[in-house]
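Engineer: Whatever this is, show me its structure:
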Amino acid sequence: MTNTRQSGETSGGGDGPGPAVDTSVLELSPAEREEQGVADEAIVAAFLAVARDGSPDEKDLQGVTLPALPLDRVVVEGTDRHPVDLRDATIEGPISAEFATVKVPILLDGATVGGFQLDNARFEDELSCSGIEVTGEIDAFEARFDGDAHFDDATFEEAVSFDEAIFDDDTDFDDATFEGAAQFRGTEFHGDSNLLDDNTSFTGATFADRAAFDQAEFGAIHFEEVDFEDEAVFEEAKFPNDAEFADTVFTELADFDEARFREDVDFSGATFHDVADFEGAVFSGGQRSLEEDADFRDVVFHDEADFLQASFRSATFRRSSFEALAHFEATEFGDDVIFTEVTFADVADFDEGRFDGDADFSGVHFGDRCDFRGAEFRGGDNFLDHDVAFTGAHFDADADFASAQFSAASFDDTAFGGAINFRDSRFTDRIDFSATQVDDDAFVDFTRAKIRTGRINQPAEGWVRYDMTLASIGDIDLSVERKRDSTQLLDYFRFCRTEFDEFSDHEFDFSDHRDYLDRNAWEIHTFDEPAGADPDYALEMTPEVIETTYLKAKQSAQEAGDVKVAGEFRVKRQQYSRQKNLEVVRDASVGAWARVKNFGRAAENYFLGITCGYGMRPIRIGMAFLIAPLLYVPFYVFGGSLFATSAADGAQIASLATLLSNDGARILFENARFSYISYTTIGYGFIGPEGMGAEVLAASEAYLGVVLSALLVYALVKRSEL
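Structural biologist: I've put the predicted structure just below:
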């Protein structure tokens, strides 16, 4: 029996019935149609008639074979919503529906289709293409899919283009295979139903050629376990809801430049074999799904990872591996970020990065140079004890933290294999440091750094050197793991024009290190350098620089009330002041008068040093004051007529034998009494010098007495000032 339907001439509907249409031709094989002379136009008319008025049985076209379906600019509609069922059908040519409107559900599951031409087409109901095999190209520029669109398990043998298409409901390409280029540039995936946990899904899909999603906009999106065998481009794509890329493999370039992730995004377990480009990407994050807004746990970056000027809220890179350059320059982390147990095999560049929350780099292995120049670690109170933690980190090469800003930082249990640069860095709260050197050249450079409080501990083995040139340090506790090593502690610290009292109520205290300082002649401006080392010091160690160093140390100890330490540093300062003067004296380019003045200062300095220890040796000058007159007595007693005095009636001792007699003892005592009278300028009037030499000596004694008494007062005053 032949099935016929009334159909409009140009669409699936009209103002009135058209001529009868034989819909049975849809069931014929290609050979039967050719034998019966059925034209392609009749096939299209029959299809439109079935779509509009067909019964469920008539709409069941499973397994049929059709030629190309040209449906351009037509309206495909039906009297009910029963789908046109083309499951497992074969459509030899492309389905062309440019500028068409399809208002009935279409089922193409398991079908084989020669391609789609869908420019500006609109599907107002479901389009189901699960397991479809598309042998030709798909061009769906600005197409619109109002209902669900299912392409799971589909195979696309040629290029696919959904540029600027709109998917308004749930869409899935799960386990689909794209053998040609796949373009979704500017495509919008909205999704507005609650039937699925996600709105769009490409889970398990394979892209054998280039996949372009640049400027696309997604609802909730799943790209888990996707295999991108060629470039994957998501440049300027927008992800207003959760995005899942877990365990996805990117074989070639992964381009997420300027992408916007407004909710949580998950890249955990992903593998990037080529460049991973997230330059300028924004990870705004949400709190509905993941613990961190951006999850990069266990990711492997085989090539360069570029997060230049990216912006995160909270993020985790726990256990990830960066095998090439990791570029985080000027990247912003608005909340907590985790890099624990990450491996950086190549350069790690965090220059001018900003960490507004806590940053955890515990257990990180830096296999090459790492740069944190100008980085800001502002920290928070909700995660770590320290605002930034490098606890247990291993630095194989140089690390540069120059001009970095820290609040509280921990470098406990770290290992250094190169120079660690903290020049001009700032620690506004505290620092905790306990580092081990991997090789003998490792040292930490705190030149011009400012450290308010903290702790620097030397471990049992592998001590690290610390250069504090021009630094400002507060109450930092310098300690050792083993008590017996305390006498060597300051051998590994170099203080050069260091400020010790810049922070109010947080002055550095040398009192805990008196044992070392006494043992090491109170020297703090050098440390034990390894053989062959040539550090790049900020200042040349000139006498003037060293003098200033001890002046600042003396002032610090004085403010701390430690008289002993302040005095010893004063002595060191004066010693290098003398060396400074002598350098001027030896400099032939300096004018003669300046050299003479500096020679006088050096001589005065030397005299003060040997007599009273620059005011720090009052006992020395006191003893000198007491015994100085005795130095003159031998001249008066044994010097002959030239040094004769009226003491003992002018008698002198001619031999040592006479000295041991009673008369000799009397002569010695009387001349000693004369010496002390002259020295103290008492001058009783009944005793005086007679010989010319005695007169000179007596006058010099009076002068020496005045000088030594003045020096004694000077030393006592200086000690009292300390």
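Engineer: any idea how far the residue of the chain most remote from its centre is from A246?
Structural biologist: The outermost residue of the chain, judged against the average C-alpha position, is D649 (90.4 Å), by C-alpha atoms, centre = their mean. According to C-beta to C-beta, to the nearest Å, D649 and A246 sit 116 Å apart. Bear in mind the C-beta positions are built from the backbone N, C-alpha and C, glycine included.
Engineer: show me what contacts the closest residue to D88 other than its chain neighbours?
Structural biologist: Nearest residue to D88, sequence neighbours excluded (C-beta to C-beta, 6 or more residues apart in numbering): G110, at 4.4 Å. G110 makes contact with 87-88, 130-132, according to C-beta atoms under 8 Å, 6 or more residues apart in numbering.
Engineer: Out of these, which comes closest to G374?
Structural biologist: S130 (53.5 Å; C-beta to C-beta).
Engineer: which ones are touching the nearest residue to that closest one once chain neighbours are set aside?
Structural biologist: Using C-beta to C-beta, 6+ apart and skipping the chain neighbours, the partner closest in space to S130 is D109 (4.4 Å). By C-beta under 8 Å, 6+ apart, the residues touching D109 are 87-88, 128-132, 150.
Engineer: Try it again at 6 Å.
Structural biologist: 87, 128, 130-131 (C-beta atoms under 6 Å, 6 or more residues apart in numbering).
Engineer: and it, how far is that from A154?
Structural biologist: 10 Å.
Engineer: For P629, give me phi and psi.
Structural biologist: phi -60, psi -30 (degrees, to the nearest 10).
Engineer: For it, report the pLDDT, please.
Structural biologist: pLDDT, P629: 87.
Engineer: Relative to E529, how far out is D491?
Structural biologist: Per C-beta to C-beta, D491 is found 10 Å from E529.
Engineer: neighbour-wise, which of the two wins?
Structural biologist: Between D491 and E529, D491 has the larger neighbour count (other C-beta atoms under 10 Å), namely 17 against 14.
Engineer: sec struct for the more buried one, please.
Structural biologist: helix (DSSP: H, G, I helix; E, B strand; the rest coil).
Engineer: Not including adjacent chain positions, what is the nearest residue to it?
Structural biologist: Distances taken as C-beta to C-beta, 6+ apart place D528 nearest to D491, at 4.5 Å, with adjacent residues excluded.
Engineer: any idea how far the one you found lies from T135?
Structural biologist: 77 Å.
Engineer: Repeat that for N421.
Structural biologist: 62 Å.
Engineer: higher neighbour count, those two?
Structural biologist: The neighbour comparison of N421 against T135 (other C-beta under 10 Å) goes to N421, with 25 against 16.
Engineer: Give the bridge partners for the more buried one, please.
Structural biologist: Counting by DSSP bridges, N421 is bridged to D400, D445.
Engineer: Tell me the spacing between it and F401.
Structural biologist: 6 Å.
Engineer: ok, and for stretch 566-584, which residues are buried?
Structural biologist: For stretch 566-584, a neighbour-count test (16 or more other C-beta atoms under 10 Å) marks 566-578, 580-582, 584 as buried.
Engineer: just stretch 510-530 next, same as before
Structural biologist: With burial defined by 16+ other C-beta under 10 Å, the residues of stretch 510-530 counted as buried are 510, 513, 516-517, 522, 524-525, 527.
Engineer: Measure how buried H394 is and give me the count.
Structural biologist: 18.
Engineer: Quick check on it: phi, psi?
Structural biologist: The phi/psi pair for H394 (degrees, to the nearest 10) is phi -120, psi 120.
Engineer: That one contacts V364, doesn't it?
Structural biologist: No - under the criterion of C-beta atoms under 6 Å, H394 makes no contact with V364, lying 7.4 Å away.
Engineer: Listing request: residues of this structure with sub-threshold pLDDT.
Structural biologist: Scanning the chain for pLDDT under 70 picks out 1-21, 192-198, 287-292, 380-385, 440-441, 530-534, 609, 613-616, 715, 717-722.
Engineer: domain parsing for the chain?
Structural biologist: 1-154, 543-612, 618-721 (automatic domain parsing).
Engineer: In the top helix by length along the chain, which residues are buried?
Structural biologist: Counting residues, the longest helix found in the chain (DSSP state H) is helix 692-721. For helix 692-721, a neighbour-count test (16+ other C-beta under 10 Å) marks 693-695, 697-698, 701-702, 704-705, 708, 711-712, 714-715, 718 as buried.
Engineer: same thing with stretch 667-681?
Structural biologist: 667-668, 670-679.
Engineer: Show me which of the residues you listed is closest to F296.
Structural biologist: Looking across the buried residues of stretch 667-681 and measuring by C-beta to C-beta, the closest to F296 is Y679, at 86.2 Å.
Engineer: So what angle separates the directions of the helix or strand harbouring that closest one and helix 692-721?
Structural biologist: Following DSSP states H and E, one finds Y679 within helix 662-680. For helix 662-680 against helix 692-721, the angle by axes from the mean of the first three to the mean of the last three C-alpha atoms, to 10 degrees is 60 degrees.
Engineer: so how far is helix 662-680 from its chain's centroid?
Structural biologist: Offset of helix 662-680 from its chain centre (C-alpha atoms, centre = their mean, to the nearest Å): 80 Å.
Engineer: if you skip the residues just before and after it, what's nearest to D398?
Structural biologist: G418 (3.9 Å).
Engineer: In terms of secondary structure, what does the helix holding Y679 contact?
Structural biologist: helix 633-638, helix 692-721 (3 or more C-beta pairs under 6 Å, 6 or more residues apart in numbering; DSSP states H and E).
Engineer: Pretty sure A68 sits against G93.
Structural biologist: Yes - between A68 and G93 there is a contact under C-beta under 6 Å: 2.4 Å.
Engineer: Compare the two (neighbour count), which wins?
Structural biologist: A68 (19 against 16).
Engineer: Could you give the number of residues near V590?
Structural biologist: Every residue meeting other C-beta under 10 Å relative to V590 is counted, giving 13.
Engineer: Equivalent analysis for the one 10 residues further on, please.
Structural biologist: A count of nearby residues for G600, using other C-beta under 10 Å, gives 12.
Engineer: going forward can the numbers begin at 41, since that is how I track them
Structural biologist: In the new numbering, first residue 41, that becomes G640.
Engineer: That one: what secondary structure?
Structural biologist: helix.
Engineer: distance of it from V624?
Structural biologist: Distance from G640 to V624, by C-beta to C-beta: 11 Å.
Engineer: now swap in I378 and tell me
Structural biologist: From I378 to V624 the distance is 58 Å (C-beta to C-beta).
Engineer: Over to V478?
Structural biologist: V478 is 44 Å from V624, by C-beta to C-beta.
Engineer: With E580 instead?
Structural biologist: With C-beta to C-beta as the criterion, E580 and V624 are 16 Å apart.
Engineer: Also A634?
Structural biologist: The gap separating A634 from V624 is 6 Å, by C-beta to C-beta.
Engineer: Find the nearest non-adjacent residue to S551, please.
Structural biologist: D602 (5.1 Å).
Engineer: same deal with D515?
Structural biologist: Nearest to D515 is H546, by C-beta to C-beta, 6+ apart, at 4.6 Å.
Engineer: who's in contact with the one you found?
Structural biologist: If a contact means C-beta under 6 Å, 6+ apart, then H546 has 492-493, 514-515 as its contacts.
Engineer: Adding secondary structure, distance to E303 and neighbour count, write these out as TSV.
Structural biologist: What follows is the contacts of H546, written out as TSV (DSSP: H, G, I helix; E, B strand; the rest coil; distance: C-beta to C-beta, whole Å; neighbours: other C-beta atoms under 10 Å):
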residue	secondary structure	distance to E303	neighbour count
R492	strand	39	20
T493	strand	40	18
G514	strand	43	22
D515	strand	45	18
